[in-house]
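Chemist: after the sequence you'll find the predicted model.
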Amino acid sequence: MNPLVWILAFQMGSPGQGETQAVALHPKDPRILYAGAGKGLCKTLKGGKDNWPTVGLDRLSPRVIVLDPSNPEIVYAGTYEMGVHKSSDGGAHWEAVNNGLTYPAIRALAITPDAIYAGTDGGGVFKSTDKGKQWSEVNRGLIDKTVRALVVDPGNPRTLYAGTWHGVYKSADAGASWSADPKGLFDVDVVALAIDPANSSILYAATNPRGVWRSDDSGATWKQGARPLTEFLQSIAVDPHTPSHIYVGTRAGVFRSTDSASTFEPAGLAWSNSAWTLVFDSRTKPATLYYGGVGGVLKTVNGGKWWNVTGPIRP
């Protein structure tokens with residue numbers, strides 16, 4: 001039997017062929033979730049138990065969604081066609097916020113109390129300190145401008161990591177400068193990054209075609225798992241309650257490690273050929289893991305012990 005059981009929480013209908021590229025959780029109300037479909041951004045107010053109406057951006061493809069932790073009514077959506085869009089009222093109304101953002105193809109967003117960062121396809125990293133009104137390029141030392149992932153150290157918001165086509169770069173000064181350690185993860189396509197929530201010096205990188213790598217020293221050095229995943233990787237997440245449990249989304253379903261990414265085993269959704277995002281909700285114990293990809297938004301709850309349907313299935 002599969003080590004995890006999955007349930008369909010919400011399946012996106014067309015356009016988008018039932019594929020979800022982004023999932024974001026409300027930091028204060030666990031019933032509120034956002035999902036980026038192939039065309040448009042959807043929102044549930046009931047934990048997936050309603051019909052997830054589209055709340056905007058219906059002609060765009062949101063690749064990443066972040067909420068302002070100090071005011072979660074402020075929502076940012078990064079699109080691949082037209083840059084960053086912002087809502088100040090929980091998704092009811094949207095506006096493009098791209099002044100100074102010269103590359104519209106957004107692959108990653110990261111937010112801190114003082115700034116929001118955008119990783120772009122070809123333009124590197126951009127930063128806004130006024131909630132998206134104006135952006136500035138922050139690429140000093142960043143040789144590779146194809147930024148696929150951005151994460152912020154939860155213990156020090158001035159420290160950021162960027163996953164690029166040619167490895168991991170680190171900034172210790174809020175994006176003012178970047179560096180890639182020669183002993184670090186270099187010259188490999190890094191598609192996703194995750195930080196251990198219990199120890200922010202531990203990082204995980206999902207790469208293609210070299211599997212998952214782990215750093216125990218804030219990105220200075222990296223080591224590969226004993227039996228690397230050979231599937232095409234797309235996303236990675238760390239269990240907030242059991243940080244040795246690592247989940248990876250691939251084009252062959254979801255895989256799980258229980259030994260800090262040394263080895264992996266299938267964790268369901270073998271039928272999925274696209275697992276764009278994995279997001280944990282730490283407010284439940286065990287934590288709830290949300291998946292976004294082919295089939296829409298799915299979740300596994302209570303560590304796979306008990307399950308319940310949380311939303312309608314659309315044709």
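Modeler: Arrived safely.

Chemist: quick one, strands of the stretch 201-315 of the chain?
Modeler: 203-208, 211-215, 223-224, 233-238, 246-250, 253-257, 265-266, 275-281, 288-293, 296-300 (DSSP state E, counting those that start in this stretch).

Chemist: closest to Arg31 out of those?
Modeler: Nearest of the strands of the stretch 201-315 of the chain to Arg31, taken as C-beta to C-beta: strand 275-281 at 10.8 Å. Yep, even glycine has a C-beta here, placed from its N, CA and C like the rest.

Chemist: what does stretch 90-100 contact?
Modeler: 32, 34, 41, 43, 55-57, 72-73, 75-77, 82-87, 104, 126, 128, 131-137 (C-beta atoms under 8 Å, 6 or more residues apart in numbering).

Chemist: kindly check the end-to-end length of that stretch for me.
Modeler: One end of stretch 90-100 sits 24 Å from the other (C-alpha to C-alpha, to the nearest Å).

Chemist: low pLDDT regions in the stretch 51-200 of the chain?
Modeler: For the stretch 51-200 of the chain, applying pLDDT under 70 flags no range at all.

Chemist: check the burial of the closest residue to Ile202 other than its chain neighbours by counting its neighbours.
Modeler: Among residues not flanking Ile202 along the chain, Asp196 sits closest, at 3.7 Å (C-beta to C-beta, 6 or more residues apart in numbering). As a burial measure, Asp196 scores 21 neighbours (other C-beta atoms under 10 Å).

Chemist: wait, Asp196 sits on Ser215?
Modeler: No - using C-beta atoms under 8 Å, Asp196 is not in contact with Ser215; the gap is 9.9 Å.

Chemist: what touches both of those two?
Modeler: In contact with both Asp196 and Ser215: Ile202, Leu203, Tyr204, using C-beta under 8 Å, 6+ apart.

Chemist: ok, how many other residues are close to the residue nearest to the second one when sequence neighbours are not counted?
Modeler: Pointing back at Leu203 there. Distance criterion C-beta to C-beta, 6+ apart; nearest residue to Leu203, sequence neighbours excluded, is Ser215 at 4.5 Å. Ser215 has 23 neighbours, counted by other C-beta under 10 Å.

Chemist: against Gly295, how distant is Thr284?
Modeler: 22 Å (C-beta to C-beta, to the nearest Å).

Chemist: which one of those two has more residues nearby?
Modeler: Gly295 (22 against 14).

Chemist: what pLDDT does that one get?
Modeler: Looking at Gly295, its pLDDT is 77.

Chemist: ok, now Gly16?
Modeler: Gly16 is given a pLDDT of 43.

Chemist: how about the one 3 residues further on?
Modeler: Glu19 carries a pLDDT value of 81.
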